[in-house]
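1. Have a look; sequence and predicted model below, questions after that.
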Amino acid sequence: MKAFRTFLAIAILLSFVLTPVLAFDGLLERIDQASTDERYDELRTLLDDAGRRASNGRERAEVYWRRARLQLVLVDRDRAAGSTPDRELVQRLEQGEAYAQQAIDADSSLAEGHFWMAANMGRRGQVRGVLNSLFMASDVRDYAQAAISRDETLAEAYHLLGILYRELPGGIISFGDDQRAVSLGRRAVDLNRDAYERGDAEDIFYQYQIELAQSLWERNWNQRRRSRAHAGLQSDFRAASTALDRAFTYEGALNIATGTDRDEAISMIDGVIHALERLGSLSQAQRDHLAEARGLREDWN
């Protein structure tokens, strides 16, 4: 009987300790679902509630990186509409970076704070123009790499790096590299697919495939060069010792389809268009992805 009373006391104590934690985690799940469903007014209210409830560094970091994410999503929406001055967009992105920095300060071990710093900073460089993009590129890269060092399954970090390596010039000007762009893009696509198949992601994020297709189109290797390079990449992948090095050579871990880079790019875009057209009811993001894929397919004819 004494043992039972001891067990009961411990159980009651744990219930008081765990209930706030579980309630906060449930609130974060509601925030993420509102983000997925594009219910932005509700999302702001939920973030304010979570900010008031956060009781330690980890919880504050979880709230701040989600604020940084929302900041970028809303900037992208308004930028696409074309009615917001660039100066205002830049100011809002700087606020997104401030939220990301608060997340890093609250708990630097979380990958997401570093990633959303990179994402907001990268978009600010794009809004301000080519020279600013070049000037900020190494910082964007470093934050994205910091995210990967903390979570090597963070698909969006590889996705961002892939775009960065594709869009930047190489050589003595900057660190652009078409081969790395393709490998990084392949890693993002596969991680997203794996998460979806495990049930950890609600949808396939088709933007990853669209960007990978563009990286393949830009690299533009013929079949012979693809085959020859693949053998070297296989060796490099086996020798890689870090998550980032494995990502740079990730193409060497895969079976590559026959044909050229552009053959694969067209096939990938056709697959995206077919998959999205079959869904019927699309979110705004999915409608944007479908429009972008159709535009690329028309340009590549």
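-> That came through, no problem. Numbers count the residues shown, from 1 in each chain.
2. And the lowest mean pLDDT element among the helices and strands of this structure?
-> helix 2-36 (a mean of 68; mean pLDDT, DSSP states H and E).
3. Just the element for residue 276, please.
-> When secondary structure is defined by DSSP states H and E, residue 276 falls within helix 261-279.
4. now do residue 174
-> Going by DSSP H and E, residue 174 is not part of any helix or strand.
5. what do you get for the one 10 residues further on?
-> Take DSSP H and E as the rule and residue 184 turns out to sit in helix 178-198.
6. same deal with residue 236?
-> Element membership for residue 236, per DSSP H and E: helix 223-239.
7. Report the mean per-residue pLDDT for that helix.
-> Helix 223-239 carries an average pLDDT of 96.
8. tell me which residues in whichever helix or strand comes after that helix are buried?
-> Going down the chain from helix 223-239, the next helix or strand is helix 243-248, by DSSP H and E. The neighbour-count check on helix 243-248 (16 or more other Cβ atoms under 10 Å) flags 243-244, 246-248 as buried. All C-beta atoms are positioned from the backbone trio N, CA, C, and that covers glycine.
9. and after the helix holding residue 184, which helix or strand comes next?
-> Using DSSP H and E, the helix or strand that follows helix 178-198 towards the C-terminus is helix 206-219.
10. how about that next one: buried residues?
-> 206-217, 219.
11. ok now the strand or helix carrying residue 70, how far from the chain's centre?
-> In this assignment (DSSP H and E), residue 70 forms part of helix 57-81. Here helix 57-81 shows a centroid-to-chain-centroid distance of 13 Å under the convention Cα atoms, centre = their mean, to the nearest Å.
12. And the contacts of the helix or strand following it?
-> Using DSSP H and E, the next helix or strand after helix 57-81 towards the C-terminus is helix 86-106. Helix 86-106 is touched from outside by 57-58, 60-65, 67-68, 71-72, 74-75, 78-79, 110, 112-114, 116-117, 120-121, 123-124, 127-128, with contacts defined as Cβ atoms under 8 Å, 6 or more residues apart in numbering.
13. which of the residues you listed are buried?
-> 60-65, 67-68, 71-72, 74-75, 79, 110, 112-114, 116-117, 120-121, 123-124, 127-128.
14. hmm, back to that, average pLDDT for the helix holding residue 184?
-> 97.
15. what does that helix rub up against?
-> Residues from elsewhere that reach helix 178-198, judged by Cβ under 8 Å, 6+ apart: 153-156, 158-159, 161-163, 165-166, 170, 201-205, 208-209, 211-212, 215-216, 218-219, 229, 233, 247-252, 254, 261.
16. Buried subset of those as a ChimeraX selection?
-> Here is the ChimeraX selection string for the buried members of the contacts of helix 178-198, based on 16+ other Cβ under 10 Å:
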select :154,155,156,158,159,161,162,163,165,166,201,204,205,208,209,211,212,215,216,219,229,233,247,248,249,250,251,252,261
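17. give me the low-pLDDT residue ranges for the stretch 51-200 of the chain?
-> Residue ranges of the stretch 51-200 of the chain with pLDDT under 70: 130-132.
18. go again using 90 as the cut-off
-> For the stretch 51-200 of the chain, applying pLDDT under 90 flags the ranges 80, 83, 126, 128-136, 169-175.
19. right, and residue 30 touches residue 47 too?
-> No - using Cβ atoms under 8 Å, residue 30 is not in contact with residue 47, being 10.3 Å away.
20. which one of the two has more residues nearby?
-> Each of residue 30 and residue 47 has its neighbours counted (other Cβ atoms under 10 Å); residue 47 has more, 22 against 15.
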